[in-house]
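Novice: Structural data only, the sequence is not supplied:
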């Protein structure tokens, strides 16, 4: 499977999931965007890494990891988003120490926060981009004007919300099916999935 390189396009606050953000990754040699739901802490950490002028007074968790890795000569060479299951992306950190390569499992939000600190490239597989990538209808002039901002506007945010719902496969479900899925998720103690289904029901 061929790898596709991604850049960070911006961050959008989720209107439907409380305290959640959508990180938008952009296909380097194409127009598709890959929206990924992340938590507030990870969004803050990514935003701080993107805004070079902001220096937190004390190291954040991802800064601590970077300092620790530097001290022991560990380098994060690249991040690969390698799997998408029920709207959840799975990632790997490709690390190297003493010319020995190791692959470490990581949450995608953490992996990207670290990739920024190590200036490591971010990749995904073509089949994941085919499945979850979206085309945003953005005015090119406006996009150029907003290039310096990491926050995207409300119109784009709405498209991203719909795309995330599509990834999770809930958009085409009826309310009855959603309520049944919600009950199953609660019974299986999968509360993260239950929260997403509840948000989709609330949107209706």
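Specialist: Right, received. Where do you want to start? In this text, all values refer to a predicted model and were calculated from it rather than measured experimentally.

Novice: need the contact list for residue 97.
Specialist: Shown in contact with residue 97 (C-beta atoms under 8 Å, 6 or more residues apart in numbering): 72, 73, 74, 75. C-beta coordinates here come from the backbone N, C-alpha and C atoms, glycine included.

Novice: ok, and the most crowded of these?
Specialist: With neighbours taken as other C-beta atoms under 10 Å, the top of the contacts of residue 97 is residue 74, carrying 18 neighbours.

Novice: Spatially nearest residue to it, not counting backbone neighbours?
Specialist: Spatially, and ignoring its direct neighbours in sequence, residue 74 is nearest to residue 97 (4.7 Å; C-beta to C-beta, 6 or more residues apart in numbering).

Novice: Could you give the backbone dihedrals for the one you found?
Specialist: Backbone geometry at residue 97, expressed as degrees, to the nearest 10, gives phi -150, psi 130.

Novice: Of the contacts of residue 97, which is the nearest to residue 23?
Specialist: Residue 23 has its nearest neighbour among the contacts of residue 97 in residue 75, at 23.2 Å by C-beta to C-beta.

Novice: if I look at the residue of the chain most remote from its centre, how far off is residue 32?
Specialist: Of all residues in the chain, residue 98 has its C-alpha farthest from the mean position, at 30.2 Å, by C-alpha atoms, centre = their mean. Residue 98 sits at a distance of 38 Å from residue 32 (criterion: C-beta to C-beta, to the nearest Å).

Novice: what ranges do the strands span in this structure?
Specialist: For the chain, the strands defined by DSSP state E cover 3-13, 20-27, 33-39, 75-85, 88-97, 100-107, 122-125.

Novice: Same list, those strands, but as a markdown table with distance to residue 199 and mean pLDDT please.
Specialist: Shown next, in a markdown table, are those (distance: least, C-beta to C-beta, whole Å; pLDDT from 0 to 100):
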| stretch | distance to residue 199 | mean pLDDT |
| --- | --- | --- |
| strand 3-13 | 14 | 91 |
| strand 20-27 | 9 | 89 |
| strand 33-39 | 10 | 89 |
| strand 75-85 | 19 | 95 |
| strand 88-97 | 15 | 95 |
| strand 100-107 | 20 | 96 |
| strand 122-125 | 25 | 97 |
